[in-house]
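K.L.:
With the sequence up front, the predicted model follows.
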Amino acid sequence: MFEKESIPFAPALVESMRSLGYSFEAAIADLIDNSISAQAEKIDIFVTASEQPYLIIIDDGYGMGNEELEKAMRYGSKNPLDRREEADLGRFGMGLKAASLSQCRQLVVVSKKNGNLSCYSWNLDHVVETGQWLLLGYDYDEIKQLPKIDKLNTLESGTYILLQKFDRIAVSTNNISETLTKYMDNTIDHLSLVFHRFLNDGLSISVNNRAVEPRDPFLQNNKATQLKREQSFVINGSKITMKPYILPHLSKLTENDIRVVGGKASLRSEQGFYIYRNKRLIIWGTWFRLERKDELSKLARVRVDIPNSLDYMWGIDIKKSTANLPDIIKKNLYNCVYESILGSETVHSYRGRNTTNNKDIDYIWERIATREGYEYKINTDIPQIQVLAESLNAQQKRLLNIMLRDIEKSFPSSTLYLDVSKGHFVDESKKVDTRDNYAMIIQQIDVAREMGMDLAAIIRSFLKLEPYCTDKELVKLLSEELENYERT
């Protein structure tokens with residue numbers, strides 16, 4: 001047996017590495033990770049959408065010396081099995097190169113530390129031409145020729161990344177400028193969500209001098225958002241925390257709220273777990289098959305915070321855009337899912353009918369529990385039906401009961417479900433004027449008087465009946481009627 005070193009053929013491997021599956025926005029986010037790991041407080045992105053476009057990222061992090069930069073530019077510069085600092089967003093030592101070169105053919109990195117500039121570049125055309133893993137180093141005069149490099153010179157320390165030769169975008173469009181602009185719009189939206197917790201904590205990210213605003217998927221600034229109990233558990237010595245949120249009903253969302261959550265369609269598509277690794281959003285909008293997505297759970301979100309020490313368990317990939325739910329964690333998450341789903345369904349419950357058993361209130365529609373679930377029946381003890389029934393003969397009463405049963409059977413549950421879930425349901429009880437209700441009730445009291453019925457009992461029935469009992473002015477007027485009747 002003997003050993004023989006087998007060095008990968010540079011042109012073939014470097015081209016293959018470009019097909020790891022990075023989207024444009026995921027690639028840029030991966031580069032931002034490096035800046036955050038370098039403790040940057042300000043990250044500026046500049047894009048020129050021309051026929052020869054370039055993209056520049058400049059941060060004010062701690063920077064790298066010449067040897068550090070050369071190592072960082074090496075493929076596999078860090079062992080993914082090594083223990084990372086708690087705030088480190090990296091893992092594989094591949095992100096800087098793989099993310100950049102998935103989108104372009106030339107990567108230039110300049111870093112400033114202790115007043116010194118260092119610069120290296122990967123040029124795929126040069127690798128293909130020479131057939132070797134050859135980094136290109138830049139001297140000071142060559143560095144000075146790079147676009148917008150002066151912005152790095154004004155910083156005490158930091159790193160400058162230049163992406164050029166966007167070949168994959170060029171071959172996919174007839175208008176590279178227009179396409180790159182579209183990609184950047186998507187990227188801004190992506191960064192605002194993925195890094196929203198950093199942005200809320202003071203990190204500044206700008207694109208062509210326009211600030212990236214945080215996009216909070218939990219709408220924590222909306223007073224109607226429900227914050228559920230935070231839960232945590234320990235796996236292999238590492239703590240995982242979970243916190244469910246229930247977004248407000250669509251009728252309570254402002255236009256800005258809807259924009260922040262990504263539009264009405266995103267309410268349903270982005271329900272589920274939001275997995276954060278060191279506050280950086282990794283994956284979102286999935287229940288990991290613990291629950292299915294539907295209209296009544298669309299307001300549920302569960303924030304899950306995991307440390308980078310459990311990357312191996314979650315199956316975090318190089319792109320940091322996918323993760324798998326480990327079996328050991330499923331059981332712990334299920335209770336959190338149940339709590340959040342139940343809360344979301346409660347928000348969607350038909351607001352015209354209180355689902356609690358309040359003995360002080362009577363309802364026109366009664367919610368009856370059965371073995372199969374729930375059914376809705378008309379409450380025939382309400383005063384309107386009692387007054388009407390008193391004026392009918394036996395045959396007419398039978399016809400009335402048949403009509404009420406037919407109304408119950410034709411209850412439009414499916415249509416109501418869709419209207420409520422889409423926020424199209426109009427609560428008519430809020431539109432009726434107090435005086436109109438009062439006049440209608442007085443008419444029925446007059447009919448009851450002609451029938452010789454117990455007027456005090458009829459008035460008390462109206463005082464307990466929803467929605468009349470929720471109208472304070474109407475309750476006052478009816479109470480005065482009851483007092484007048486009892487005095488006579």
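P.N.:
Structure received. It should be emphasised that the depicted structure is a prediction, and the values quoted were computed from it without experimental measurement. Numbering: from 1, shown residues only.
K.L.:
same for the helix or strand hosting S461, what does it pack against?
P.N.:
Element membership of S461, judged by DSSP states H and E, is helix 455-464. Helices and strands touching helix 455-464, as assessed by 3 or more C-beta pairs under 8 Å, 6 or more residues apart in numbering; DSSP states H and E, comprise helix 383-390, helix 434-450, helix 472-487. From N, CA and C alone the C-beta is placed, and that goes for glycine too.
K.L.:
Check those helices for me and report the most buried one.
P.N.:
Greatest average neighbour count among those goes to helix 383-390 (a mean of 17), per mean count of other C-beta atoms under 10 Å.
K.L.:
Can you tell me the strand partners of the host helix or strand of V108 and which way each runs?
P.N.:
V108 belongs to strand 106-113 when elements are defined using DSSP H and E. The strands beside strand 106-113 in its sheet (DSSP bridges) come out as strand 116-123 (antiparallel), strand 158-164 (antiparallel).
K.L.:
in the first one, what counts as buried?
P.N.:
Looking back up the chat, that one is strand 116-123. L117, S118, C119, Y120, S121, W122, N123 (16 or more other C-beta atoms under 10 Å).
K.L.:
if we can go back for a sec, kindly format the C-alpha coordinates of the strand holding V108 as PDB.
P.N.:
Output of strand 106-113 as PDB, limited to C-alpha atoms (Å, rounded to 0.1, in the frame of the first residue of the first chain):
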ATOM      1  CA  GLN A 106     -13.900  37.800 -10.400                       C
ATOM      2  CA  LEU A 107     -13.700  38.500  -6.700                       C
ATOM      3  CA  VAL A 108     -11.400  41.200  -5.300                       C
ATOM      4  CA  VAL A 109     -11.000  41.600  -1.500                       C
ATOM      5  CA  VAL A 110      -9.100  44.500   0.100                       C
ATOM      6  CA  SER A 111      -8.700  44.600   3.900                       C
ATOM      7  CA  LYS A 112      -7.300  47.300   6.200                       C
ATOM      8  CA  LYS A 113      -5.800  46.600   9.600                       C
END
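K.L.:
Let me know the average pLDDT across that strand.
P.N.:
Computed over strand 106-113, the mean pLDDT rounds to 96.
K.L.:
one step back: could you export the helices and strands packed on helix 455-464 as CSV, including distance to I161?
P.N.:
Formatted as CSV, these follow (distance: least, C-beta to C-beta, whole Å):
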stretch, distance to I161
helix 383-390, 73
helix 434-450, 66
helix 472-487, 64
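K.L.:
right, and those - which one's nearest I58?
P.N.:
Ranking those by proximity to I58 (C-beta to C-beta) places helix 472-487 first, at 61.4 Å.
K.L.:
Next, the angle helix 434-450 makes with that closest one.
P.N.:
30 degrees (axes from the mean of the first three to the mean of the last three C-alpha atoms, to 10 degrees).
K.L.:
could you say what helices and strands helix 472-487 packs with?
P.N.:
Checked by 3+ C-beta pairs under 8 Å, 6+ apart, helix 472-487 has helix 434-450, helix 455-464 packed alongside it.
K.L.:
any idea how far the first one is from the chain center?
P.N.:
What it means is helix 434-450. Distance of helix 434-450 from its chain centroid, counting by C-alpha atoms, centre = their mean, to the nearest Å, is 50 Å.
K.L.:
and if you look at the shortest one?
P.N.:
How far helix 455-464 lies from its chain's middle: 48 Å, per C-alpha atoms, centre = their mean.
K.L.:
What of stretch 405-413?
P.N.:
37 Å.
K.L.:
could I get the helix holding S461 in PDB with only the CA atoms?
P.N.:
Listed next in PDB are the C-alpha coordinates belonging to helix 455-464 (Å, rounded to 0.1, in the frame of the first residue of the first chain):
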ATOM      1  CA  LEU A 455     -93.200  42.500  29.500                       C
ATOM      2  CA  ALA A 456     -90.600  42.500  32.200                       C
ATOM      3  CA  ALA A 457     -89.400  39.100  31.100                       C
ATOM      4  CA  ILE A 458     -89.200  40.200  27.500                       C
ATOM      5  CA  ILE A 459     -87.300  43.400  28.400                       C
ATOM      6  CA  ARG A 460     -84.800  41.400  30.500                       C
ATOM      7  CA  SER A 461     -84.300  39.000  27.600                       C
ATOM      8  CA  PHE A 462     -83.300  41.900  25.300                       C
ATOM      9  CA  LEU A 463     -81.000  43.200  28.100                       C
ATOM     10  CA  LYS A 464     -79.100  39.800  28.000                       C
END
